[in-house]
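> fold the stuff below for me.
(one chain, ligands or ions: 1)
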Amino acid sequence: MAIVLEITELRNGQNNYNADFTLTNLSQASICDWTLNLFLVGLLEPTKCRHVELVRQDGSFIELKPATSTQLSPGDTFNFTLQVDKLALNKITDLPSGIYLTEQATQQLHQVEFAPFILPHVEVSKRDPLNQAAPQAYPVIPLPNKVSLTAGTIPNRPNVWVSGAEQLVQELEVFSTQLQHHSLQPDNAIEVVCEQQGQIPAQGYEIQFDRKITIYASDRLGFSHGLTSLAQCLNANQDLPCGQIVDQPRFNYRGFMLDCVRHFRSVDKIKQVIDLLSYYKINTLHWHFTDDEAWRIEIKAFPALTEKAAFRGHGQAIESQFGSGSEPYGGFYTQEQAKEIVAYAAKRHIQVIPEIDIPGHSRAAIKALPELLLDPADQSQYCSVQFYNDNVLNPALPGTYQFLDAVIDELAEIFPAPYFHVGADEVPEGVWEGSQHCQQMLKDNGYQDLRELQGHLLRYAQDRLRQKGKTLMGWEEAIHGDKLEKDAIIFAWRGVESSIAAANDGYHVIATPAQYTYLDMAYDRSEVEPGTTWAADIELDKAYHYEPLNQDLTLEGKARLMGVQYALWSEFVRTDSQFDYMVFPRLLAGAEVAWTQSEQKQWQDFQARLSLHFDYLDHCGIKYRHYK
Ligand code: ACM
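Residues are numbered from 1 along each chain as shown. Okay, the predicted model is just below:
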């Protein structure tokens, strides 16, 4: 039997809880001179701990020791109290995991079980059932922009046969993998003809549903969109009404961001996600590779990045984070695997944009390459939003540029997309103040404000990327320090207002406001509903009703809003089934936000169409959130 940690009482403070913990030694062995290592997503103040002392907090990793030397003999209990922010113990996904004790003298580790407890006043979420009426026309998500019906139906049959698609080998292959019930066979088949038609706008398509089905488009992407809509119609496995679809996307950029840092996702899972992005006409995978908690992409010039920072755990360069525990935990993508994913996505007309998050969120790189990236004389004091004091690159060190050159050069070769994302979010206050090198750099360049050092570094990256034919993308803080050329593309995440401000200010913008598009936000406030809520709770209808354009945008600003992106940050998303639950079906609502003109969207009809898609998600093995 094991050692067990419980929360035995949770008392309300003002904005915090007093959490009483009990540690019980149910093993046969005595444990001496121990520290307790646990995961908590709140800042723990040393003065707010009773009967324990805070040894260290790095991010979500907390190490405590008993305030007075305490041996835990078999059967002993040890009680302590922590005062924590309410947001840190708000949801089922906040509960500690990956807990262990370390005996200091021997460095022997003991795994600790967390005994589940019932949070007070638990309310299971009250999700409303979906409208299950028949959809108004074709069961396509995102809703096509123009649909009309005529009399009659096309009878459903088990075979479908496409002709006129000699130039569309790839598209047809993808189409065949999308079919749930039908076979691509000529016998007694539903007849489909692809017909080139030059006046149809790029990416657009038309489908004529008559005795036979004709798909018109002017380019391969248009045919791909048409075939995907047709696959969705066929997958409903019903007779199809005669009529017409005339369709093209509202926004050219329709993205999904995948954070593979906080918890690693396998190549197979990413391919499954890409299949679904393509099925819902999302055309960009933004791949978040690096952060404070890991480095996930092979860089041949600096193998230490993945040797030291792809796996975390006890005794590793990066300690356990987000409940990953003492054992080595993680993974990374070789350059070959990244190329395989890029090719897999390209076949489905999806571009993959890599993100290397600098200068903040860089703790993994710094831990892996301290000789290059660490300024040992830097006395700056700061605390990042996720409680690190050592996660920012120093723009005054030559090593920073050596590192950046290698990373940009190698990744630019692997990712053919014309974009490259450099992060730039959440650089904490106080950084660089205590660095002589940074102070000197300020003087040398005539800069007034430390934020200009960030601007300087990002401008360097922008110039290097431009030489590679790439446009720099960054989170909205990339404009801090005001050094970027205006062709930078800004991902406005903190709110709807920031996308308006950046677009009106002359930047091209991707709208990704956390309040609507961050799929790590819980669906609702129930304690048993997973996720976080710092920005909002996002029920399906809220995700659906997000409108990126706004009356405060100038005409030019409106033209600069390139599109919308939904995102899955993964601090609380450990397993693939948790991933599925958070992403589906909200991403389908997002697909409609990004594709369908706002005046065409209809929440009731979306629900009716969505009800016909769950069977397909089941078929794909997706553990989506249910609505009945
Ligand atoms: C972000 O959510 N920090 C971009």
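> write out the residues of this protein neighbouring the ligand.
Counting by CB under 6 Å from any ligand atom, the residues of the chain lying close to the ligand are 425-426, 475, 493. Bear in mind the C-beta positions are built from the backbone N, C-alpha and C, glycine included.
> if we go to 5 Å?
Taking CB under 5 Å from any ligand atom as the criterion, the chain approaches the ligand at residues 425, 475, 493.
> measure the nearest residue to the last one once chain neighbours are set aside to Phe256 for me?
Among residues not flanking Trp493 along the chain, Thr512 sits closest, at 5.0 Å (CB to CB, 6 or more residues apart in numbering). As defined by CB to CB, to the nearest Å, Thr512 lies at a distance of 10 Å from Phe256.
> what do these two both touch?
565-567 (CB atoms under 8 Å, 6 or more residues apart in numbering).
> and the helix or strand Leu457 falls within, how far from the chain's centre?
In the assignment (DSSP states H and E), Leu457 maps to helix 451-467. Relative to its chain's centre, helix 451-467 lies at 25 Å (CA atoms, centre = their mean, to the nearest Å).
> I'd like to know which elements it is packed against.
Contact here means 3 or more CB pairs under 8 Å, 6 or more residues apart in numbering; DSSP states H and E; on that basis helix 451-467 packs against strand 351-358, helix 398-414, strand 419-423, helix 436-445, strand 471-475.
> and the third one, what's its mean pLDDT?
When pLDDT is averaged over strand 419-423, the result is 98.
> list the contacts of it.
With CB under 8 Å, 6+ apart, strand 419-423 has contacts from 286, 290, 351, 353-358, 360-361, 408, 411-412, 458, 461, 465, 468, 470-475, 478, 489, 491.
> one more time with 6 Å, if that's ok
353, 355, 357-358, 361, 461, 465, 470-474 (CB atoms under 6 Å, 6 or more residues apart in numbering).
> what's the spacing between Ser380 and Ala217?
Counting by CB to CB, the gap from Ser380 to Ala217 is 56 Å.
> and Leu276, by the same measure?
Leu276 is 22 Å from Ala217, by CB to CB.
> pick out whichever of the two has more residues nearby.
Ala217 (29 against 20; other CB atoms under 10 Å).
> how close does the closest residue to the ligand within the stretch 301-450 of the chain sit to Leu305?
Using CB to the nearest ligand atom, the single residue of the stretch 301-450 of the chain nearest to the ligand is Asp425, 3.9 Å away. As defined by CB to CB, Asp425 lies at a distance of 20 Å from Leu305.
> neighbour count: those two, which is higher?
Leu305 (26 against 17).
> so the more buried one is in which element?
helix 304-309.
> check the residue nearest to Glu103 when sequence neighbours are not counted and give its pLDDT.
Leaving aside its chain neighbours, Glu103 sits nearest to Trp34 (5.5 Å; criterion: CB to CB, 6+ apart). Confidence at Trp34, expressed as pLDDT, is 97.
> I'd say Trp34 and Leu101 touch.
Yes: the pair Trp34 / Leu101 is scored as a contact, 4.7 Å apart, by CB atoms under 6 Å.
> those two: which is more packed in?
Neighbours were counted for Trp34 and for Leu101 using other CB under 10 Å; Trp34 has more, 25 against 21.
> what separates the more buried one from Glu429, distance-wise?
Distance of Trp34 to Glu429, given as CB to CB: 36 Å.
> for the stretch 501-628 of the chain, what spans make up the strands?
In the stretch 501-628 of the chain, strands defined by DSSP state E, counting those that start in this stretch lie at 508-511, 561-568, listed in chain order.
> what mean pLDDT does the last one have?
It refers to strand 561-568. For strand 561-568, the per-residue pLDDT averages 98.
> quick one: stretch 336-348 to chain centroid distance?
On CA atoms, centre = their mean, the centre of stretch 336-348 falls 19 Å from the chain's centre.
> got it, and stretch 313-333?
For stretch 313-333, the gap between its own C-alpha mean and the chain's C-alpha mean amounts to 20 Å (CA atoms, centre = their mean).
> which residues touch it?
39, 59-61, 97-98, 100, 109, 262, 264, 293-294, 296-297, 306, 308-312, 367, 571.
> residue in the stretch 51-200 of the chain nearest to the ligand?
Checked against the ligand (CB to the nearest ligand atom), the nearest residue in the stretch 51-200 of the chain is Gly59, 14.2 Å away.
> for that residue, grab the count of nearby residues.
Neighbour tally, Gly59, other CB under 10 Å: 24.
> over to Pro398?
9.
> dump the C-alpha coordinates for the helix or strand of the chain with the lowest mean pLDDT into CSV.
One helix or strand of the chain scores below all others by mean pLDDT, DSSP states H and E: strand 3-12, with a mean of 91. Extracted C-alpha coordinates of strand 3-12, given in CSV (Å, rounded to 0.1, in the frame of the first residue of the first chain):
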residue,chain,number,x,y,z
ILE,A,3,1.4,6.9,0.8
VAL,A,4,-1.8,8.9,0.4
LEU,A,5,-2.4,12.7,0.2
GLU,A,6,-5.9,14.0,0.8
ILE,A,7,-7.4,17.4,0.9
THR,A,8,-9.4,16.9,4.1
GLU,A,9,-11.0,20.3,4.3
LEU,A,10,-11.4,23.3,2.1
ARG,A,11,-12.4,26.5,3.8
ASN,A,12,-13.4,29.7,2.1
